[in-house]
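**Q** Sequence below, structure please.
(one chain, ligands or ions: 1)
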Amino acid sequence: MELSYILNELGEERGDYFNAVSPPIIQTSNFTFNSVSDFRVALGEEFDAMLYSRGQNPTINILRKKLAALDGAEDALVFSSGIAAVTVPILALLQQGDHAVVVENPYSWTIKLFNNLLPKFGITATYVDGSDLQQIKNAIQSNTKLIYLESPNTFSYELQDLKAVADIAKPKGIITMIDNSYCGPLYQQPIALGIDLVAQSATKYLGGHSDVVAGVVTGSHELIKKIFNNEFLNIGPALSPHSAWLLIRGLRTLPLRMQRSFETAKIVTAWLQQHSAVDKILWPFLPGFKQAELAKKQMQGCGSMFSFTLKNSSVQKIETFCDGLKHILMAVSWGGHESLIIPAIAGVAKNDYDPNNGRHQLIRMYAGLEDADYLIKDLEQALALVD
Ligand SMILES: *Cc1c(COP(=O)(O)O)cnc(C)c1O
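**A** The predicted model follows:
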């Protein structure tokens with residue numbers, strides 16, 4: 001399916017709503033029936049019926065069609081947050097006593113899911129360095145039901161070879177799932193590489209304007225229906241129709257925004273690389289990146305987030321630099337119009353800072369939609385404070 005068709009037409013039955021170009025926000029909780037017989041059918045199979053907006057809603061379904069098509073998947077479910085799109089499918093697909101192989105250092109709340117929530121249900125996890133296929137193979141047990149990936153990682157950018165992992169999992173009947181928030185659907189197509197479920201924080205690139213919190217998971221019709229029928233309806237993480245509308249609007253400009261910030265990240269990382277105060281830079285498309293070959297093989301482009309370290313790094317230096325930025329904002333999240341910075345030490349108690357821990361020294365920057373020169377000028381004056 002062509003990208004322009006997906007973003008401008010797919011799912012939009014304009015004849016149903018006065019030929020309006022922009023779809024309506026169907027802000028309703030429930031839907032009526034003209035006969036008991038129709039009502040019974042809907043109650044019997046909510047996956048196929050407009051019954052109640054905790055399940056199906058027309059505005060949300062336009063978004064689902066587009067998101068499924070963008071990933072090359074049969075179906076999609078959208079959630080009120082990205083972490084719900086990770087948590088709810090895993091709760092739906094794993095049973096008590098099951099085991100998961102998980103890449104190390106995934107998104108912070110994904111770690112808490114595997115460390116704190118899932119053990120309550122008797123589900124265990126083994127963390128592996130996912131860049132080493134042998135570690136993944138060795139961690140598989142007889143009760144392993146899930147291999148959970150995040151490629152690239154969104155702080156330290158390790159990749160996993162998605163096709164190779166899918167090839168290990170498939171013959172064993174193990175479900176593979178990836179958090180694809182970093183690349184999004186335009187720069188990485190995990191389903192085509194054999195991955196079963198693709199989760200994303202739609203808060204990031206898909207929404208793109210830092211004004212909505214949402215998540216999506218895509219996969220086969222069978223898996224999506226299984227997730228919907230039990231855990232999705234029971235936990236109730238439905239997105240609001242208004243947020244779905246904001247995401248449909250965000251998608252219209254996704255290719256433009258991705259291209260723009262990808263270009264900006266290229267320019268800014270190249271500039272940082274030659275700066276005397278900067279030590280190393282981590283970005284999958286930077287020449288010399290450890291897994292550059294794999295990145296080029298399985299990614300069609302690169303997200304615009306990268307990390308770097310300062311020479312002779314210290315807590316004081318990192319704080320002076322970050323506090324000195326005038327335009328690049330200090331905040332969590334990313335994927336919006338505004339460039340952001342977050343030093344790893346913001347999440348480390350001052351006394352726990354370990355100068356020998358490479359991860360503690362990382363400063364993560366997300367390049368938004370500003371001019372590259374504008375960002376470079378801001379970085380230049382803040383780096384001068386620590387050079
Ligand atoms: C933000 C983020 C999430 C969680 O998404 P929310 O929309 O904040 O719930 C999950 N994974 C990654 C990689 C993220 O950056």
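**Q** So which residues on the chain come close to the ligand?
**A** Contact residues (CB under 6 Å from any ligand atom) of the chain with the ligand: Ser81, Gly82, Ile83, Tyr107, Thr154, Asp179, Ser181, Ser201, Thr203, Lys204, Val213, Gly215. No exception for glycine: its C-beta is placed from N, CA and C like everyone else's.
**Q** hang on, isn't the second one packed against Tyr205?
**A** No. Under the criterion of CB atoms under 8 Å, Gly82 lies out of contact with Tyr205, with a separation of 11.1 Å.
**Q** Return the distance of the residue lying closest to Val315 once chain neighbours are set aside relative to Lys326.
**A** Excluding the flanking residues, the one nearest Val315 by CB to CB, 6 or more residues apart in numbering is Tyr353, at 5.2 Å. With distances taken as CB to CB, to the nearest Å, Tyr353 is found 25 Å from Lys326.
**Q** show me what contacts the residue nearest to Pro185 when sequence neighbours are not counted?
**A** In space, and not counting its chain neighbours, Pro185 is closest to Leu70: 3.8 Å by CB to CB, 6+ apart. For Leu70, the contacting residues are Leu3, Ile6, Pro185, Leu186, Leu251, by CB atoms under 8 Å, 6 or more residues apart in numbering.
**Q** is it true that the fourth one lies in a helix?
**A** Yes. Leu186 forms part of a helix when assessed by DSSP: H, G, I helix; E, B strand; the rest coil.
**Q** number of nearby residues for it?
**A** The number of residues packed near Leu186 is 17, by other CB atoms under 10 Å.
**Q** Which helix or which strand is home to the nearest residue to it once chain neighbours are set aside?
**A** Sequence neighbours aside, Met258 is the residue nearest to Leu186 in space, at 5.2 Å (criterion: CB to CB, 6+ apart). With secondary structure defined by DSSP states H and E, Met258 is part of helix 254-273.
**Q** any idea of the mean pLDDT in that helix?
**A** Across helix 254-273, pLDDT averages out at 98.
**Q** Show the model's pLDDT score for the residue of the chain found nearest the ligand.
**A** Going by CB to the nearest ligand atom, the ligand is nearest to Gly82 of the chain, at 2.3 Å. With respect to pLDDT, Gly82 has a value of 98.
**Q** what's the closest non-adjacent residue to it?
**A** That would be Ser201: by CB to CB, 6+ apart, it lies 2.6 Å from Gly82.
**Q** quick one: contacts for that neighbour?
**A** Ser81, Gly82, Ile83, Ala85, Asp179, Ser181, Ala214, Gly215, Gly335.
**Q** phi, psi of the first one?
**A** In terms of degrees, to the nearest 10, the main-chain angles of Ser81 are phi -160, psi 160.
**Q** So Pro255 is in contact with Gly184, correct?
**A** No. Using CB under 8 Å, Pro255 is not in contact with Gly184, being 10.2 Å away.
**Q** Apart from its chain neighbours, what residue comes closest to Glu338?
**A** For Glu338, the spatially nearest residue (CB to CB, 6+ apart) is Gly368, at 4.8 Å.
**Q** give me the number of residues near that neighbour?
**A** Count around Gly368 with other CB under 10 Å applied: 22.
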